[in-house]
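S.K.: build the 3D model from these lines:
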Amino acid sequence: MKKFLILAAPVLLAASPALAQTTGEATGTVTIDGSVLGRCMFTIPSKTISLGELSLTSTGKLDVSKVNGRNETLNGWCNNTAATMTVTTTELTTTTAAPTGFDNRVDYTATAVTGAISASDTSLTAGAGSASSVGLFSGDIVVTLSSASSPTNGLMVAGAYSGNVVVTLTPTVAPN
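M.R.: Have a look, this model is predicted:
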């Protein structure tokens with residue numbers, strides 16, 4: 001039996017260099033992927049513009065200076081290059097009916113501006129104004145009122161008036 005072991009040893013030694021030459025490095029790859037949804041957010045989503053007395057005390061008609069030029073600032077951001085901004089306005093109204101010679105509504109235009117981009121809408125037409133591309137942005141959105149009018153330039157009906165301006169930031173479809 002000792003003879004057999006002695007003869008096997010040179011065979012194992014001879015095989016070792018060949019075994020070392022056939023083994024080498026091997027690599028594998030792990031691919032990493034992810035996505036970020038296109039989104040827009042408001043960090044300051046609401047403000048109030050208090051107009052006070054809307055009529056001229058001397059005539060009882062709309063005092064447009066109480067509306068025109070008034071503004072408030074929202075703050076928001078969008079993380080998508082194709083994001084848009086739209087503005088939708090609703091007229092200022094009171095629930096009291098307006099007989100002939102009186103008005104119970106104030107129409108106006110609202111314009112939202114962020115950087116050099118603006119979007120606007122008038123309360124004279126239903127629905128939102130045209131969308132404006134804002135793309136990637138983060139910052140203030142200044143909403144300014146202008147072009148105030150009443151339907152017949154009549155006397156303003158007494159009461160509490162309310163309306164609103166809705167600024168909508170819309171991202172595009174999220175990546176797959």
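S.K.: which other helices and strands contact the strand of greatest length in the chain?
M.R.: Ordering each strand of the chain by length in residues (DSSP state E) puts strand 137-149 first. Here strand 137-149 touches strand 71-78, strand 105-114, strand 162-170, going by 3 or more Cβ pairs under 8 Å, 6 or more residues apart in numbering; DSSP states H and E. In short, each C-beta sits where N, CA and C put it, glycine included.
S.K.: in JSON lines: these, plus distance to residue 44 and mean pLDDT.
M.R.: Below are the helices and strands packed on strand 137-149 laid out as JSON lines (distance: least, Cβ to Cβ, whole Å; pLDDT from 0 to 100):
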{"stretch": "strand 71-78", "distance to residue 44": "4", "mean pLDDT": "98"}
{"stretch": "strand 105-114", "distance to residue 44": "12", "mean pLDDT": "98"}
{"stretch": "strand 162-170", "distance to residue 44": "11", "mean pLDDT": "97"}
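S.K.: out of the ones you listed, indicate the one that is most buried.
M.R.: Looking across the helices and strands packed on strand 137-149 with neighbours counted as mean count of other Cβ atoms under 10 Å, the highest average goes to strand 105-114: a mean of 22.
S.K.: helix or strand with the lowest mean pLDDT in the protein?
M.R.: Ranked by mean pLDDT, DSSP states H and E, the weakest helix or strand in the chain is helix 2-22, scoring a mean of 53.
S.K.: following it, which helix or strand comes up?
M.R.: For helix 2-22, the succeeding helix or strand toward the C-terminus, using DSSP states H and E, is strand 40-44.
S.K.: summarise which helices and strands that following strand is packed against.
M.R.: Taking 3+ Cβ pairs under 8 Å, 6+ apart as contact, the helices and strands that strand 40-44 lies on are strand 71-78, strand 162-170.
S.K.: name the residues of it that are buried.
M.R.: Buried residues in strand 40-44, defined by neighbour count with 16 or more other Cβ atoms under 10 Å: residue 40.
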